[in-house]
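# Sequence below, structure please.
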Amino acid sequence: MLCKTFGSAVFGVDATTITIEVNITRGINYYLVGLPDNAVKESQQRIKSAFSTNDLKWPGKEITINMAPADIRKEGSVFDLPIACGILAATGQILSQKLEQYILLGELSLDGYLKPVKGILPIALRAAKEGFKGLIIPQENASEAAVVENMEVYGMNHLNDVIAFFNESQPFEKVQINLEQLFYDKIHINEVDFSDVKGQTTIKRAFEIAAAGGHNVLLIGPPGAGKSMLAKRLPTILPPMSLAESLETTKIHSVAGKTNADKGLITTRPFRKPHHTISDVALVGGGGFPQPGEISLAHNGVLFLDELPEYKRTVLEVMRQPLEDRQVTIARAKFTVEYPAGFMLVAAMNPCPCGYYNHPEKDCVCAPGIVQKYLNRISGPLLDRIDLHVEVTPVGFDELSGKQKSETSSTIRDRVIAARSIQEKRFKTKNGIHANSQMENTDLQTYCKIDSTASDLLKTAMEKLGLSARAYDRILKVSRTIADLDDSATIQVQHLAEAINFRSLDRDNWAG
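Sure, this is the predicted structure:
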């Protein structure tokens, strides 16, 4: 007897429906075809054990299982459940009338319990698009799949539950959530706040500008100055995620197996902080069967690289293309996958190996030329993609012990949202441009015009401070963002002057 069930496989951040055909005929062999990997091939032992422990009949005949499309490689243990249900249907142990209406996914333990799998959200979205009635999946994955509208989602704990569902011997409740309530109830929840930070007015202003224009930031300062503490609070002043951004971000985390079973939907902007020993593949994604890396997990959020010069040169260089294109392409011999990588880069570093170059109180003990050599670990092309270079100085005792409260993240966020709305109107006809940081050279000529006085200031700054040529475009972009924060239609001299102050590393004499 021939029966069909349906599973799904994830490639990149999109899913492909897999048809599992089970045919039982005379013989004693077991054939599994359709480019399965070892994990899929080993499903026979898991399924056979689950049948045995639950008094289900394993057919003493030849079993042929085809996974179509047969030219796509199938990986992982997610196909245990659809294969098991196909065998049960082919032997008449479950009714097969409803099988073709549902996507089935789940790893089976030896006693028949279902274990959670990765990539459920993109699978649920694909199932809805292709007109399936619903999903039968492990209980731990149910809340994640339930965010997709017009889909029946049933979370099951055991293979016997799935059998009872198809045989209609037991009622089961659909998993339902109020998507809008789930999204809007959690969207403003933050564990940290800028009001906790004492002093550092200049750094807070730099972060406000960065958040308003989507600019990348480099923090330079001695140990203990508060660079990491400030960076952790940047997501709290970014505009709240839209529902579309939330779904897109959750898809990526779902594929990587990073979602929380009880949350279902990621509603706050990601903050990723990889260690400086990370490999280039772990940062940008890849592997034999490609998985998203840290830059994709930071999509719609912040990627924080602490101790920037300590990262391997190759690791930093592979970020250059994703920073520019906002996506990463991973090519293999037979296929290519693309992952989104629209993140804000925040990097922090000490000014020198000892950490105290330019410190107001402590002396630097580094030998001559060491400071410049340390800075040279970061390539010019990477620095070219960082708009704001901010010097972080230690906070004095009076500020630390003061009782005065700083501005809250919500207050700063309101100004950021207002500036972003101006940019949305400005770039509404521009495909792929949403913030000032993404402007091309032609856009600078249109939206970043400056008068003669401002032009003279910029010329003087480049000559007197020794600013590099690459700083020119960055200064104009940041100036445009500062003008948006002031609700100014044109870039004024004070906007340009403030932007010039945030180009520390471009000054010829900065490192001596």
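# hmm, who's touching stretch 156-163?
Residues outside stretch 156-163 that contact it (CB atoms under 8 Å, 6 or more residues apart in numbering) are 50, 54, 56, 81, 84-85, 88, 93-94, 104, 106, 108, 112-114, 136-139, 165, 170, 172. Any C-beta I mention is one placed from the backbone N, CA and C, and that applies to glycine too.
# go with 10 Å
Applying CB atoms under 10 Å, 6 or more residues apart in numbering, the contact partners of stretch 156-163 are 47, 50-51, 53-56, 80-81, 84-85, 88, 93-95, 102, 104, 106, 108-109, 111-114, 136-142, 154-155, 164-165, 169-170, 172.
# Going through those residues, which ones are buried?
With neighbours counted by 16 or more other CB atoms under 10 Å, the contacts of stretch 156-163 contain buried members at 47, 50-51, 56, 80-81, 84-85, 88, 93-94, 102, 104, 106, 108-109, 112-114, 136-142, 154-155, 164-165.
# Inside helices: which ones of those residues?
Ile47, Ala50, Phe51, Asp80, Leu81, Ala84, Cys85, Leu88, Ala142, Ala164, Phe165 (DSSP state H).
# quick one: contacts for the residue lying closest to Ser49 once chain neighbours are set aside?
If the residues on either side of it in the chain are set aside, Ser49 comes closest to Leu110, at 4.1 Å by CB to CB, 6 or more residues apart in numbering. By CB under 10 Å, 6+ apart, Leu110 lies in contact with Gln45, Arg46, Ile47, Lys48, Ser49, Ala50, Ser52, Thr53.
# so what pLDDT did Leu110 get?
Note on Leu110: pLDDT of 96.
# could you dump the lengthiest strand in the chain to PDB, C-alpha only?
Ranked by number of residues, the top strand in the chain under DSSP state E is strand 14-25. Output of strand 14-25 as PDB, limited to C-alpha atoms (Å, rounded to 0.1, in the frame of the first residue of the first chain):
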ATOM      1  CA  ASP A  14      12.900  29.700   3.700                       C
ATOM      2  CA  ALA A  15      11.200  26.300   3.900                       C
ATOM      3  CA  THR A  16      10.600  23.700   1.200                       C
ATOM      4  CA  THR A  17       7.800  21.200   1.500                       C
ATOM      5  CA  ILE A  18       9.000  17.600   1.400                       C
ATOM      6  CA  THR A  19       6.600  14.800   0.200                       C
ATOM      7  CA  ILE A  20       7.300  11.500   2.000                       C
ATOM      8  CA  GLU A  21       6.000   8.500   0.000                       C
ATOM      9  CA  VAL A  22       5.800   5.200   1.900                       C
ATOM     10  CA  ASN A  23       5.200   2.000  -0.100                       C
ATOM     11  CA  ILE A  24       5.000  -1.400   1.600                       C
ATOM     12  CA  THR A  25       5.200  -4.600  -0.600                       C
END
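# Mind listing residues that contact the helix or strand following that strand?
Downstream of strand 14-25, the first helix or strand assigned by DSSP states H and E is strand 30-33. Residues from elsewhere that reach strand 30-33 (CB under 10 Å, 6+ apart): 20-21, 23, 40-44, 48, 59, 61-68, 70, 74, 79, 83.
# Where does pLDDT dip in the stretch 51-200 of the chain?
182-189 (pLDDT under 70).
# Give me the buried entries from the contacts of strand 30-33.
Neighbour counting with 16+ other CB under 10 Å marks 20-21, 23, 40, 43-44, 48, 59, 61, 63-65, 67, 74, 79, 83 as buried within those.
# Leaving out chain neighbours, which residue sits closest to the most centrally placed residue in the chain?
By CA atoms, centre = their mean, the mean C-alpha position of the chain lies nearest to Leu297, the distance being 2.4 Å. Take Leu297 and drop its neighbours on the chain: the residue closest to it by CB to CB, 6+ apart is Arg272, 5.3 Å away.
# ditto for Leu485
Per CB to CB, 6+ apart, closest to Leu485 is Ala419, 4.9 Å.
# can you count the residues close to the residue nearest to Leu297?
19 (other CB atoms under 10 Å).
# now do Lys477
Burial of Lys477, expressed as a neighbour count using other CB under 10 Å, amounts to 24.
# list the contacts for the residue nearest to the centre of the chain?
249, 252-253, 255-256, 258, 270, 272, 274, 285, 291, 303, 339, 341, 343.
# How much space separates it from Arg269?
Distance from Leu297 to Arg269, counting by CB to CB, to the nearest Å: 12 Å.
# Between those two, which contacts overlap?
Both Leu297 and Arg269 are contacted by Thr249, Phe343, under the criterion CB under 10 Å, 6+ apart.
# I'd like to know which of the ones in helices among the buried ones among the contacts of stretch 156-163 is nearest to Glu324.
Ala142 (39.2 Å; CB to CB).
# Tell me if I'm right that the closest one and Lys174 touch.
Yes. Using CB atoms under 10 Å, Ala142 is in contact with Lys174, at 9.3 Å.
# what comes up buried for stretch 353-372?
Residues of stretch 353-372 classed as buried: Pro353, Cys354, Gly355, Tyr356, Tyr357, Asn358, His359, Cys364, Cys366, Ile370, Val371 (neighbour count, 16+ other CB under 10 Å).
# Show me how far that stretch is from its chain's centre.
Put simply, stretch 353-372 sits 36 Å off its chain's centre (CA atoms, centre = their mean, to the nearest Å).
# This completes my enquiry, with thanks.
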